[in-house]
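Student: below are the sequence and a predicted model for it; my questions follow.
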Amino acid sequence: MPHHWIRFIVLLIAVCLHPSAHALSLRCGSALIQVGDSKLKVMRNCGDPMYRDIVSGALDSRVEEWIYQRSSRDFPYVLTIRGHKVIRIERLEE
């Protein structure tokens with residue numbers, strides 16, 4: 001097997017195993033919130049977040065972090081929203 005194919009396979013495995021390669025989602029009732037969903041969809045299905053912070057930016061490109069915790073036994077989730085779209089979903093593990 002040529003050397004460049006080995007390098008490609010190693011890189012592919014590293015990307016697949018990296019934690020950010022597996023996008024998280026947030027379940028609110030029967031809805032599944034995912035990266036790319038609108039701010040409106042999040043509000044309709046999940047309601048108001050327990051915490052909301054404006055991180056940076058002007059109105060059109062504002063970056064916000066919204067925190068949701070589905071139950072007291074579940075980890076909180078942080079949704080990062082730029083403009084009107086969810087750009088990241090993270091689970092805060094203590």
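Tutor: Right, received. Where do you want to start? Model, not experiment: these values are computed from the prediction.
Student: and what about Leu24, helix, strand or coil?
Tutor: Under DSSP: H, G, I helix; E, B strand; the rest coil, Leu24 falls in the coil class.
Student: any idea how far it lies from Arg44?
Tutor: Leu24 is 20 Å from Arg44, where distance means CB to CB, to the nearest Å. All C-beta atoms are positioned from the backbone trio N, CA, C, and that covers glycine.
Student: got it, and Asp60?
Tutor: 22 Å.
Student: the more surrounded of these two?
Tutor: Per other CB atoms under 10 Å, whichever of Asp60 and Arg44 has more neighbours is Arg44, with 11 against 8.
Student: A strand includes the more buried one, no?
Tutor: No. Under three-state DSSP, Arg44 sits outside any strand and is assigned helix.
Student: contacting residues for it?
Tutor: Ala31 (CB atoms under 8 Å, 6 or more residues apart in numbering).
Student: pretty sure Gly29 contacts Asn45?
Tutor: Yes. The criterion here is CB atoms under 8 Å, and Gly29 meets it with Asn45 at 6.2 Å.
Student: quick one: which of the two has more around it?
Tutor: Asn45 (16 against 9).
Student: for the more buried one, which non-adjacent residue is closest in space?
Tutor: Ala31 (3.7 Å; CB to CB, 6 or more residues apart in numbering).
Student: in this structure that neighbour contacts Lys41, no?
Tutor: Yes. The criterion here is CB under 8 Å, and Ala31 meets it with Lys41 at 7.4 Å.
Student: neighbours of Pro76, how many?
Tutor: Pro76 - counted by other CB under 10 Å - has 16 other residues nearby.
Student: ditto for Met50
Tutor: By other CB under 10 Å, neighbour count at Met50 equals 10.
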